[in-house]
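**Q** The sequence isn't on hand, but the structure is:
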């Protein structure tokens, strides 16, 4: 799950295997669709690392 820290929907994960919570400081949920005004909020490196590790 990727969520901005400005959002308020973070809930405990009942099934944590192969999951990771990545909170993006200063981002709201729409910043994660398009990268935000400065195009800096989408954590591409972390997403690629997670998928490479868990999508085999």
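**A** Cool, got the structure. Here the structure is a predicted model, which means the values were calculated and not measured.
**Q** taking the mean pLDDT, what do you get for the longest helix along the chain?
**A** Of all the segments assigned as helix in the chain under DSSP state H, the longest by residue count is helix 44-54. Throughout helix 44-54, pLDDT has a mean value of 88.
**Q** Run the chain-centre distance for that helix.
**A** 11 Å (CA atoms, centre = their mean, to the nearest Å).
**Q** cool, stretch 34-44 as well?
**A** Shown here is stretch 34-44, whose average C-alpha point lies 11 Å from the average C-alpha point of the whole chain (CA atoms, centre = their mean).
**Q** Endpoints of that stretch, how far apart?
**A** Stretch 34-44 has an end-to-end distance of 12 Å (CA to CA, to the nearest Å).
**Q** now do stretch 24-32
**A** The first residue of stretch 24-32 is 9 Å away from its last residue (CA to CA).
**Q** And for stretch 34-53?
**A** First residue to last in stretch 34-53 (CA to CA) measures 24 Å.
**Q** So which bits of the longest helix of the chain are buried?
**A** Within helix 44-54, the residues that count as buried by 16 or more other CB atoms under 10 Å are residue 50. Just so you know, the C-beta spots here come from the backbone N, C-alpha and C atoms, and that holds for glycine as well.
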